[in-house]
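In: Quick one, structure for this:
(4 chains)
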2 protein chains.
Amino acid sequence: MSGTVRTPLRRDPIELARSNWIGNGWSDAADGMALVTSIMRLQQVFLGRVEGVLRPHGVTFARYEVLRLLAFSRSGSMPVGKIGQRLQVHPASVTNAVQRLEDAGLVRREANPDDGRSVLAALTPKGRRTVERCTDELNAQIFSLLPISLAEQRRAFRALRGIRQAVGDFA
Amino acid sequence: MSGTVRTPLRRDPIELARSNWIGNGWSDAADGMALVTSIMRLQQVFLGRVEGVLRPHGVTFARYEVLRLLAFSRSGSMPVGKIGQRLQVHPASVTNAVQRLEDAGLVRREANPDDGRSVLAALTPKGRRTVERCTDELNAQIFSLLPISLAEQRRAFRALRGIRQAVGDFA
DNA sequence: GCCGTTCACTTTGACGTCAAAGCAACTTGG
DNA sequence: CCAAGTTGCTTTGACGTCAAAGTGAACGGC
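Out: Okay, here's the model as predicted:
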């Protein structure tokens, strides 16, 4: 969709919605609506950019996150269920991602010797090379180039972390 | 998935990732990574909550946004292309949403008398009743109850708006 | 007045996400 | 020690999103 918006809109559509909210007597919800909507929109923007960087490497953001997590782990492998907990995604999504990563030769499935129900996902050498390259590009092209100051990034992060904590994302 | 996370994680997984970033010498990208990841995660959380509120009304968030936009318009109708621009979503997504809203009797498609290529989506009375009920519930159950102060909501909104503007979301 | 281009929308296909159901392995109470 | 319940993962189905291709209407230059 990024490529579809020919002309940037004159006025911020979220400010417009906020005005409409206030005009309808919903002032007490206007700021929350604006914040939630902003988050929705930015997720869409960032996801598009991130996938643009990752596409040449043949991975999506969901799969990159799995690779990244495995690369940080001591052994380079982890039970599928634990991946889901750490990334906070549905088990079915992890199954899907690991399946495709395995098809691409970036990950190998192994039996868990400690638990016959569990499946380990293990990084292959190719997977490790891929994740390092992807990380370098994401850092260089996106994460280190956000168009607001570091101080503002940290402030925004802290505010959002407050929400995440309050909704029970972590203790 | 909300219902799938049994136990909140001990430590914030994003803080963990941030530590790993710094430990790997990617300090200049760590804050950006943390902010982007937070946005991704919160989108998931809020989308889940919003859809939970809307589900009993038989609409999804994507469809609700279309209804809400139409309800704010003078005539209660709008070309589908303009809907896509205002909501900043791909034309195919609008086609999809309008199709399902029409199937549910919440919207009617009409020819645009001014342009034979264009299709108008027009709110039906049932659509208008639905969107008002949905808005009331979203306001009461989500937007007016965010677990950070109004001041923090506004600060976070402004920081995120700065990003949205910088990436060309609006002029 | 025509032809080529642009524009508005739709269709198709790939992908990720969640919910719910299914299955096999592990655990627990009696 | 076995039946009942729980846990870890997979499968299936519905939905939204984007990219790319397709269709038909409108426009613009000659």
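In: how distant is stretch A:43-50 from the center of its chain?
Out: From the chain centre to the centre of stretch A:43-50 is a distance of 9 Å (Cα atoms, centre = their mean, to the nearest Å).
In: Can you list the buried residues in it?
Out: Residues A:Gln43, A:Gln44, A:Val45, A:Phe46, A:Leu47, A:Arg49, A:Val50 are the ones in stretch A:43-50 that count as buried (16 or more other Cβ atoms under 10 Å in any protein chain shown). All C-beta atoms are positioned from the backbone trio N, CA, C, and that covers glycine.
In: out of those residues, who's near DNA strand D?
Out: A:Gln44 (Cβ under 7 Å from any atom of the strand).
In: Do you have the strands of chain A handy? List them.
Out: Along chain A, counting by DSSP state E, strands occupy A:77-79, A:107-111, A:119-123.
In: Wondering if the second one reaches DNA strand D at all.
Out: Yes: Strand A:107-111 comes into contact with DNA strand D when judged by Cβ under 7 Å from any atom of the strand, the residues involved being A:Arg109.
In: Sheet partners, orientation included, of that strand?
Out: strand A:119-123 (antiparallel) (DSSP bridges).
In: hmm, the strand it pairs with in reach of DNA strand C?
Out: No: Strand A:119-123 does not reach DNA strand C (Cβ under 7 Å from any atom of the strand); its nearest approach is 10.8 Å.
In: how distant is that strand from the center of its chain?
Out: Mean-position distance between strand A:119-123 and its chain equals 21 Å (Cα atoms, centre = their mean).
In: Pull it out as PDB, backbone CA atoms only.
Out: Output of strand A:119-123 as PDB, limited to C-alpha atoms (Å, rounded to 0.1, in the frame of the first residue of the first chain):
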ATOM      1  CA  VAL A 119       9.600 -29.600  19.000                       C
ATOM      2  CA  LEU A 120      12.800 -27.700  18.900                       C
ATOM      3  CA  ALA A 121      13.600 -25.200  16.100                       C
ATOM      4  CA  ALA A 122      17.300 -25.000  15.500                       C
ATOM      5  CA  LEU A 123      19.100 -22.400  13.400                       C
END
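In: Run through who's touching it.
Out: Defining contact as Cβ atoms under 8 Å, 6 or more residues apart in numbering or on different chains, one finds that strand A:119-123 is touched by A:66-67, A:70-71, A:75-80, A:83, A:98, A:101-102, A:106-112, A:131.
In: switch the cut-off to 10 Å
Out: Outside of strand A:119-123, the residues within contact range by Cβ atoms under 10 Å, 6 or more residues apart in numbering or on different chains are A:66-67, A:69-71, A:73, A:75-83, A:94-95, A:97-99, A:101-102, A:106-114, A:127, A:129-131.
In: average model confidence for that strand?
Out: Regarding strand A:119-123, the rounded mean pLDDT is 97.
In: does it come close to DNA strand D?
Out: Yes: taking Cβ under 7 Å from any atom of the strand as the criterion, strand A:119-123 and DNA strand D are in contact, through A:Val119.
In: before we move on, the earlier item: tabulate the strands of chain A (TSV), appending distance to A:Gln165 and mean neighbour count.
Out: Converted to TSV, these look like this (distance: least, Cβ to Cβ, whole Å; neighbours: other Cβ atoms under 10 Å in any protein chain shown):
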stretch	distance to A:Gln165	mean neighbour count
strand A:77-79	24	18
strand A:107-111	31	16
strand A:119-123	28	21
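In: near DNA strand C, which of the contacts of strand A:119-123 show up?
Out: A:Ala97.
In: Weed out the non-buried ones from the contacts of strand A:119-123.
Out: Judged by 16+ other Cβ under 10 Å, buried ones among the contacts of strand A:119-123: A:66-67, A:69-71, A:76-80, A:83, A:94, A:97-98, A:101-102, A:106-108, A:127, A:130-131.
In: hang on, the earlier thing: may I see the strands of chain A organised as JSON lines, with distance to A:Leu35 added?
Out: Formatted as JSON lines, the strands of chain A follow (distance: least, Cβ to Cβ, whole Å):
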{"stretch": "strand A:77-79", "distance to A:Leu35": "34"}
{"stretch": "strand A:107-111", "distance to A:Leu35": "37"}
{"stretch": "strand A:119-123", "distance to A:Leu35": "35"}
